[in-house]
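Chemist: Requesting a structural model of the entry that follows:
(one chain, ligands or ions: 1)
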Amino acid sequence: MNDILIGIDFDNTIVCYDSVFYEVAVERKMIGCELQCRSKEQVRDYLRGIGREDQWTLLQGYVYGACMSRANPFPSVIDFFKLCREKRIFTAIVSHKTLFPFNGPKYDLHRVARQWLEDQQIDRIVAQIHFEPTRKDKLHRISQIGCTHFIDDLPDFLAETDFPKAAERFHFDPNFSEFKHQFRRLHSWAEAIEWIISL
Ligand SMILES: [Mg+2]
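Modeler: Below is the predicted model of the structure:
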């Protein structure tokens, strides 16, 4: 198994921000309590809908910078990493993350993300951790470290024309989105564990 290297995205693939965006938006008085559904996408669409894209970028800075500790790992993702380690399958986190938020206070987003991985003790299980400032750098890293597989929540990233051909692409899709694409879908980390067991 040790010719396998599974690359994994970070935000919204390993880290679940489910209610954090909504809670922070309410606390910061960016929105009232009027939203029915409280997902990250719902909050984004609401703020964009009322012409407050600026508030949306500010909110992302707060969540990824100041409130990261309130986010949880997706269910079973840590078990997935442990199983891979048992089976001597290497895993690497490869994330596109700017060093600072686009807007607002200058939180060091890479440091905060590494701290979160340490708090969750994920840093001890994965072989490599890379935070890359641009999408292009992320693609380059996936190629450079030789990922044989890559798991990401963004199908448009997987569909990049210069995505490394050697890596089999998986769309992490916990919300059963309607995006049409040819990539294999993983709806949960439990499903990913089944896949690893089947190898
Ligand atoms: Mg992501």
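Chemist: Contacts for the lengthiest helix in the chain next, please.
Modeler: Secondary structure assigned by DSSP state H gives helix 53-65 as the longest helix of the chain. Taking contacts as CB atoms under 8 Å, 6 or more residues apart in numbering, the residues outside helix 53-65 that touch it are 11, 17, 20-21, 24-25, 28, 30, 43-44, 47-48, 71, 97, 101-105, 107-109, 112-113. Yep, even glycine has a C-beta here, placed from its N, CA and C like the rest.
Chemist: buried subset of those?
Modeler: When these are checked for burial by 16 or more other CB atoms under 10 Å, the buried set is 11, 17, 20-21, 24-25, 30, 43-44, 47, 71, 97, 101, 104, 107, 109, 112-113.
Chemist: ok, Phe172 - contacts?
Modeler: Listed by CB under 8 Å, 6+ apart, the contact set of Phe172 reads Asp9, Asn12, Thr13, Ile151, Asp152, Asp153, Leu186.
Chemist: Please repeat the previous calculation with a cut-off of 7 Å.
Modeler: Neighbouring residues of Phe172 by CB atoms under 7 Å, 6 or more residues apart in numbering: Thr13, Ile151, Asp152, Asp153, Leu186.
Chemist: With Leu158 instead?
Modeler: For Leu158, the contacting residues are Asp152, Arg169, His171, Phe183, by CB under 7 Å, 6+ apart.
Chemist: Kindly report the residues of the protein close to the ion.
Modeler: Asp9, Asp11, Asn12, Thr13, Asp153 (CB under 5 Å from the ion).
Chemist: which of those lies closest to Cys67?
Modeler: Using CB to CB, Asp11 is the member of the residues of the chain next to the ion that lies nearest Cys67, at 13.1 Å.
Chemist: and the closest one, what are its phi and psi?
Modeler: phi -70, psi 130 (degrees, to the nearest 10).
Chemist: Likewise for Asp153?
Modeler: Asp153 adopts backbone torsions of phi -80, psi -10, taken as degrees, to the nearest 10.
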